[in-house]
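[1] return a 3D structure for these sequence lines:
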Amino acid sequence: MKKMLFVLFVSAAILPLEVAAQDVGWVIDASAKAMGSATLQSIRYTGSGTNNSVGQAFTAGGPWPRFKITKYVALVNYTVPVMRQESVRVDNENPPRGGGAGGYNPATGQGGIRPVPGDIIQNQNTDGRTEIGALNMWLTPHGFLKGAAANGAKIAGTRGKTKLVSFTAFGKYTVTGAIDDQNLVERVETKIDGGLAGDTVLEGSYSDYKDFAGVKFPMHIVQRQGGHPILDITVADVEPNSSAAREITGNPQRGGAGARGGEGGGPAGIRTEKIADGIWFLNMGAPQSVLVEFKDYLVVIEGGSGDDRTVATIAEAKRMFPAKPIKYLVNTHHHFDHSGGIRAYAAEGIPIITHESHKHYYEEQIFKNPHTLNPDRLARMPRAVMIETVKDKRVFTDGNMTLELHLVRGNLHAEGMLMAYVPKEKLIIQADLFTPRPGVPPLPSPSPYTTNFVENVERLKLDVQRVVHVHGGTDSWTEVLKAAGR
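    Presented below is the predicted three-dimensional model:
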């Protein structure tokens, strides 16, 4: 009797799992049939709309800058899988607010500072054989169905007549798709490692489906990251099983500028370059960190782009000055490329100095958001974070070296932007307020970021002869005045 009861119990426990498995298989098959995914090996689609520069908001935690896309082409090869997106975008916000210009390209004269002149050609390759590449492929509606079929998907619930289907990949990413009562994929969501932002929701919404030779495709695509729009495309044309898309079979390596020459090599690729007495570039790619030496301690300006950069910078500072600790990390502004390493400094117990407008964003989001997908140093070694704020000015001095931090009032690149001034050297350290443009004509009109920079230096009556760029290099103040139209 006990044996029979045991068998009945096991059967009852297994039955719902079998039914669920049958249900999810039916849901995926029905959707694949309705959308024509089963025979879809590649697709090419075109359109126009907008995209946004991730992590480049004007205000800390605010929306990311929007650019107009005049031409968008996506080629997806699901058989490899790989994807290529080609776009032409225009910096049409007047006046511009926030970052997103990208690095300066001397071949085109574009980038470095907004507004960016002319058409901005931007191409992006996605390799679906990598973790983040696979997630981006699965974010497409047909890619989701293929991923769900291959990764043991389950029914995750319902929302009205909409069925939620989810699967887990690489042991840590959950991908969930919403399939409506017409068996069309209306939404796909997952979480990615957003670097400084930690575990971040990445989602795609799909609507206004039309039929193209038996393949249903959405005519409106909206993608968001961390709740902020990153892509909004109105589709104009779709070519299922495109031969052009099938030709996309790899993810070519992108070229990049070589490392800047310096006076000495440090750990993990750090190169040092002396700027003036007691001041050095610590270069591991742009943006760079700037080291300022005081009698008993060091100050690092700019936290760089992530843990590796921070660890290498701290190690190089210790190599250069083994008896002097890093007392402070100065964060000029909240953009991800300038604040990506601040969590690692916090993990080392180094106080972060930033503008008061950033404090709430850092405390309530950047230092609280979970980092479970890719735990960083602070997630692995949690400790209390020390943030000290600047309102208008702060001065560090030991009687010999003096470093002044000043608010750049009214600058549209970033609210709460700080610049650093060394009176003894008549030297100012700035981020994203001026970018040299060697070998090309000046901008059609001066960037408002640069004219505002000059106005602030004049307002503060600073005696400046040299300008240090956090993105690399130095220039005379005369060059900045020329760029500002003076």
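
[2] when you work out contacts or count neighbours from here on, use the C-alpha atoms and nothing else.
    Noted.

[3] right, and the helix or strand after the helix-or-strand element of the chain with minimal mean pLDDT?
    Of the helices and strands making up the chain, the lowest-confidence element is strand 264-265, at a mean of 36, by mean pLDDT, DSSP states H and E. Using DSSP states H and E, the helix or strand that follows strand 264-265 in sequence is strand 271-276.

[4] centroid residue for the chain?
    Val54 (4.5 Å; CA atoms, centre = their mean).

[5] nearest residue to that residue in space, please, no chain neighbours.
    Leaving aside its chain neighbours, Val54 sits nearest to Trp64 (6.0 Å; criterion: CA to CA, 6 or more residues apart in numbering).

[6] do Asp211 as well
    The shortest distance from Asp211 to any non-neighbouring residue, by CA to CA, 6+ apart, is to Phe217 (6.5 Å).

[7] next: Ala414.
    In this structure, Ala414 finds its nearest non-sequential neighbour in Phe58, 4.5 Å apart by CA to CA, 6+ apart.

[8] so who does that neighbour touch?
    Residues near Phe58 by CA atoms under 8 Å, 6 or more residues apart in numbering: 64-65, 97-99, 412-415.

[9] what about it, which helix or strand?
    Applying DSSP H and E as the criterion places Phe58 outside every helix and strand.

[10] show me where the stretch 151-300 of the chain has its helices.
    All helices of the stretch 151-300 of the chain, identified by DSSP state H, counting those that start in this stretch, fall at 243-246.

[11] I'd guessed the residue nearest to Val54 sits against Gly98; true?
    Yes. When contacts are counted by CA atoms under 8 Å, Trp64 is listed as touching Gly98 (7.5 Å).

[12] before we move on, the earlier item: roughly how far does the residue nearest to the centre of the chain sit from Glu293?
    The spacing between Val54 and Glu293, counted by CA to CA, to the nearest Å, is 34 Å.

[13] and the chain, what are its domains?
    For the chain, the structural domains run 31-246, 264-483, going by automatic domain parsing.

[14] contacting residues around the residue nearest to the centre of the chain?
    Val54 neighbours (CA under 8 Å, 6+ apart): 64-65, 100, 230.

[15] next one: Glu364
    Glu364 neighbours (CA under 8 Å, 6+ apart): none.

[16] let's verify it: helix, strand, or coil?
    helix (DSSP: H, G, I helix; E, B strand; the rest coil).

[17] count the neighbours of Asp277 for me.
    11 (other CA atoms under 10 Å).

[18] mind listing the helices for the stretch 1-150 of the chain?
    Using DSSP H, counting those that start in this stretch, the helices found in the stretch 1-150 of the chain span residues 2-35, 131-138, 141-150.

[19] quick one: mean pLDDT for the first one?
    Along helix 2-35, the predicted confidence averages to a pLDDT of 59.

[20] please apply the same query to the shortest one.
    Model confidence over helix 131-138 averages 96 on the pLDDT scale.

[21] and the angle for it with helix 141-150?
    Orientation of helix 131-138 against helix 141-150 (axes from the mean of the first three to the mean of the last three CA atoms, to 10 degrees) gives an angle of 110 degrees.

[22] tell me which strands and helices helix 131-138 is in contact with?
    Here helix 131-138 touches strand 82-90, strand 120-127, helix 141-150, going by 3 or more CA pairs under 8 Å, 6 or more residues apart in numbering; DSSP states H and E.

[23] now render these as TSV, adding distance to Phe170.
    Below are the helices and strands packed on helix 131-138 laid out as TSV (distance: least, CA to CA, whole Å):
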stretch	distance to Phe170
strand 82-90	18
strand 120-127	15
helix 141-150	12
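
[24] need those in JSON lines with mean pLDDT, distance to Arg319 and mean neighbour count, can you?
    Listed next are the helices and strands packed on helix 131-138 as JSON lines, based on pLDDT from 0 to 100; distance: least, CA to CA, whole Å; neighbours: other CA atoms under 10 Å:
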{"stretch": "strand 82-90", "mean pLDDT": "98", "distance to Arg319": "43", "mean neighbour count": "21"}
{"stretch": "strand 120-127", "mean pLDDT": "96", "distance to Arg319": "39", "mean neighbour count": "16"}
{"stretch": "helix 141-150", "mean pLDDT": "98", "distance to Arg319": "48", "mean neighbour count": "22"}
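
[25] what does the helix or strand hosting Lys318 contact?
    Here Lys318, judged by DSSP H and E, is contained in helix 307-320. Residues outside helix 307-320 that contact it (CA under 8 Å, 6+ apart) are 266-270, 282, 284, 289, 291, 303-304, 324-326, 340-345, 376-377.

[26] show me which of those are buried.
    Buried by 16 or more other CA atoms under 10 Å: 266, 269-270, 282, 284, 289, 291, 303-304, 324, 326, 340-345, 376-377, out of those.

[27] now Ser205. Nearest residue, chain neighbours left out?
    Arg187 is the one closest to Ser205 (CA to CA, 6+ apart), at 4.4 Å.

[28] shouldn't the one you found be in contact with Gly177?
    Yes. In this structure, Arg187 is within contact of Gly177 by CA under 8 Å, at 5.6 Å.

[29] if we can go back for a sec, tell me which two of the contacts of Val54 sit farthest apart.
    Largest separation among those by CA to CA: Gly100 and Ile230, giving 12.0 Å.

[30] now do the shared contacts for the two.
    53-54.

[31] more neighbours: which of these two?
    Gly100 (26 against 23).

[32] can you tell me how far that one is from Gly109?
    For Gly100 relative to Gly109 (CA to CA), the value is 15 Å.

[33] one more: Ala34?
    On the measure of CA to CA, Ala34 and Gly109 end up 48 Å apart.

[34] also Ala156?
    From Ala156 across to Gly109, the span is 50 Å (CA to CA).

[35] what about the two, which has more around it?
    Gly109 (18 against 15).

[36] might you report the residue contacts of the more buried one?
    Going by CA under 8 Å, 6+ apart, Gly109 touches 437, 440-441.

[37] okay, it: pLDDT?
    Note on Gly109: pLDDT of 91.

[38] could you tell me how many residues sit around the residue lying closest to Glu189 once chain neighbours are set aside?
    Excluding the flanking residues, the one nearest Glu189 by CA to CA, 6+ apart is Glu203, at 4.2 Å. By other CA under 10 Å, 25 other residues sit near Glu203.

[39] so Glu203 makes contact with Gln225?
    Yes. Using CA under 8 Å, Glu203 makes contact with Gln225 at a distance of 6.6 Å.

[40] about what we covered before: mind listing which of the contacts of helix 307-320 are in strands?
    Counting by DSSP state E, the part of those found in strands is 282, 289, 291, 326.

[41] between these, which sits nearest Lys172?
    Distance to Lys172, by CA to CA, is smallest for Ser289 among the ones in strands among the contacts of helix 307-320, at 33.5 Å.
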